[in-house]
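J.: Based on what follows, work out the 3D shape:
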Amino acid sequence: MVKTMNDVFDQANELFEYTRELRRDLHQHPELGYHEVRTAGIVARELGQLGLEVTTGVAETGVVALLEGSQPGPVALLRFDMDALPIQEETGAEFSSLNPGVMHACGHDGHVAVGLTVARILHERREQIKGAVKLVFQPAEEGLGGAERMMEAGVLNLPRVDYTLALHVWNERPVGWVGVTTGPLMAGADIFDVRIDGKGGHGALPQESVDPVVAAAQIISGLQTIVSRNISPLDTAVVSVCRLRAGEAFNVIPQFVEFGGTLRTFEPAVREKVVERFSSLISAMAESFGCKAVVNVQRLTPAVINDPAVTARVMQAVQGIPGLQVQSDYRTMISEDMAYLMEKIPGCYIMVGSANAEKGLNFSHHHPRFNFDETVLPNAVAVMVSAAFELLK
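T.: Numbering: from 1, shown residues only. Purely as a prediction, here's the structure:
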C-alpha cells in the first residue's frame with residue numbers, strides 16, 4: 001500500500017500546476033450559492049474532456065459525473081463544494097477576487113480544483129477501480145441548503161451510493177496536518193431569531209415604558225447559563241448571539257429589540273435540551289420584565305458524524321501518504337451541510353491542514369484576509385484519491 005500511496009502523492013505533485021491554476025482562476029471569479037454558473041461550466045468542461053458522463057444543472061448549478069471502474073463493485077460519492085461568500089476580499093493576492101463584495105473566503109475554490117485533479121487521477125487509474133466514483137460538485141454549501149437540494153435531485157441514486165467522502169482545506173491547522181476522526185467531527189447548527197416586545201417611550205421617563213433593551217440585555221447574558229448550568233461539562237454546546245438591533249434615537253426607548261445567532265451541538269439529546277432551555281428561558285425572562293418574546297429556532301444542519309468502519313479504512317489509506325501527520329480525535333464546532341448526505345450514507349469527512357503562519361496564510365475561514373498555502377493542494381488530492389481507492393479496492 002505504501003508504494004501505491006507514494007505513487008498517488010507523486011502524481012498529485014506532478015499535477016500541482018494544473019490544480020493551482022484552476023484554483024487561482026476560480027478565486028478570481030467567485031460566485032455565490034446557486035449562482036456558480038461560470039464555476040459549473042469549468043467543472044463540466046474539465047470532466048467532459050475526460051470522457052465522463054456529466055450531468056449539469058443539478059439543484060440549479062450543481063455538476064455530477066460518474067467514473068466507472070473496470071470491475072463491478074460499490075459506489076463512492078466524492079463531494080466538492082463550489083460557492084463563495086458575500087465578503088469583500090482584503091488579501092492583496094495577485095489573484096484576488098474580481099467580483100466586488102464576493103470572495104472565496106472558505107477554500108471552496110481549492111476544493112473544486114482538488115476535485116477536478118482527483119477526477120484526472122482516478123480516470124487514469126480506472127482499471128484499478130472496482131466499482132464506480134460519483135463526482136459531485138455542489139452549489140450553495142454556505143447555509144443555503146445545497147446538499148439537501150442535491151439529494152432531492154437524486155444524487156444518492158442512479159447508481160445507488162454506498163460510501164460518501166468529502167474534505168476541507170483547514171486553516172486552523174498547518175500544512176502537513178490531516179484530521180481523520182471517528183464519530184462526531186463537526187457540530188450540528190441551529191439558527192435563531194428572537195424579538196422582545198415592550199412599550200416604547202421617552203428615554204427620560206423610563207417609568208412610563210416597558211424597556212425591551214434592559215430585558216434583552218439580561219436575556220442575552222442569561223443565555224450563557226444554558227451551557228454552564230444545563231449541559232453536562234462532559235458534553236459540548238455553543239450559544240452565540242451574533243446580531244442585535246434596538247432603536248434608532250438616543251432619547252427614545254424602543255418598542256422592541258431583535259437579536260439572532262446560532263446554537264451548536266454534537267449529540268441529538270444535547271441539542272434537544274439546549275433548544276428547550278433556550279426557548280423557555282427567553283420567554284420566562286421576558287415576562288419577568290413585563291415584555292413578550294417571540295422565539296424562532298430553525299435547524300440548519302445536523303452534525304457531521306464519521307462512520308467508524310469507513311473512517312478506519314480512510315485512516316489506513318491516509319497513513320500511507322508520505323509527510324502527513326494524522327490526528328484521530330479532532331473536532332470543531334463549525335457546521336457543514338455534507339452532514340445531510342452522511343445521515344443517509346456512511347462516510348468520512350477529512351480535514352486537511354492549509355495554514356502557514358510564516359507566510360501570513362493563517363487567517364481563519366470567512367475572514368476578509370483568508371488565504372491558504374497552496375502546497376496543501378497535492379496533499380488534499382492524494383488524501384481523496386487514496387481514500388477512494390481504499391474503499392473501492
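
J.: Spatially nearest residue to residue 338 (excluding sequence neighbours)?
T.: Of all residues not flanking residue 338 in the chain, residue 166 sits nearest, at 4.7 Å (Cβ to Cβ, 6 or more residues apart in numbering). All C-beta spots, glycine's among them, are computed from the backbone N, C-alpha and C.

J.: Which element, helix or strand, includes the one you found?
T.: Assessed by DSSP states H and E, residue 166 sits inside strand 163-174.

J.: So which bits of that strand are buried?
T.: 163-174 (16 or more other Cβ atoms under 10 Å).

J.: just stretch 59-78 next, same as before
T.: 59-69, 73, 75-78.

J.: OK, contacts around residue 331?
T.: 181, 184-186, 236, 266 (Cβ atoms under 8 Å, 6 or more residues apart in numbering).

J.: thinking again about what came up before, name the helices or strands packed onto the strand holding residue 166?
T.: For strand 163-174, the packing partners by 3 or more Cβ pairs under 8 Å, 6 or more residues apart in numbering; DSSP states H and E come out as strand 71-81, helix 108-124, strand 177-179, helix 338-344, strand 347-355, helix 376-392.

J.: So which of these is nearest residue 300?
T.: Taking Cβ to Cβ, helix 338-344 is the member of those nearest to residue 300, at 9.7 Å.

J.: That closest one - contacts with which helices or strands?
T.: So helix 338-344, by 3+ Cβ pairs under 8 Å, 6+ apart, packs with strand 71-81, helix 146-152, strand 163-174, strand 304-306, strand 347-355.

J.: at 10 Å what do you get?
T.: Packed against helix 338-344, as judged by 3 or more Cβ pairs under 10 Å, 6 or more residues apart in numbering; DSSP states H and E, are the following elements: strand 71-81, strand 130-138, helix 146-152, strand 163-174, strand 183-186, strand 292-301, strand 304-306, strand 347-355.

J.: Identify each buried residue in it, please.
T.: Quick answer for helix 338-344 (16+ other Cβ under 10 Å): 338-343.

J.: Show me the helices in the stretch 151-300 of the chain, by range?
T.: Using DSSP state H, counting those that start in this stretch, the helices of the stretch 151-300 of the chain run over residues 212-223, 225, 268-288.

J.: quick one, which of the ones you listed is packed in tightest?
T.: Neighbour counts (mean count of other Cβ atoms under 10 Å) averaged over each of the helices of the stretch 151-300 of the chain peak at helix 212-223, with a mean of 20.

J.: next helix or strand past that one?
T.: helix 225.

J.: follow-up on the earlier one: the strand holding residue 166 pairs with which strands, and in what direction?
T.: Its sheet considered, strand 163-174 pairs with strand 71-81 (parallel), strand 347-355 (parallel) by DSSP bridges.

J.: what's the angle between the first one and helix 108-124?
T.: Put simply, strand 71-81 runs at 170 degrees to helix 108-124, going by axes from the mean of the first three to the mean of the last three Cα atoms, to 10 degrees.

J.: What mean pLDDT does strand 71-81 get?
T.: Across strand 71-81, the average pLDDT comes to 97.

J.: what angle do that strand and strand 130-138 make?
T.: Using the same axes, to 10 degrees, strand 71-81 lies at 20 degrees relative to strand 130-138.

J.: Contact partners for residue 310?
T.: 76, 162-165, 182, 342, 345-348, 387, 390-391 (Cβ atoms under 10 Å, 6 or more residues apart in numbering).

J.: Same list (those residues) but as CSV, adding distance to residue 380.
T.: CSV is the format used below for the contacts of residue 310 (distance: Cβ to Cβ, whole Å):
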residue, distance to residue 380
76, 16
162, 23
163, 18
164, 17
165, 12
182, 20
342, 19
345, 21
346, 22
347, 17
348, 14
387, 11
390, 16
391, 17
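
J.: circling back to that earlier point, nearest to residue 241, out of the buried residues of strand 163-174: which one, please.
T.: Among those, residue 172 lies closest to residue 241 (Cβ to Cβ), at 23.0 Å.
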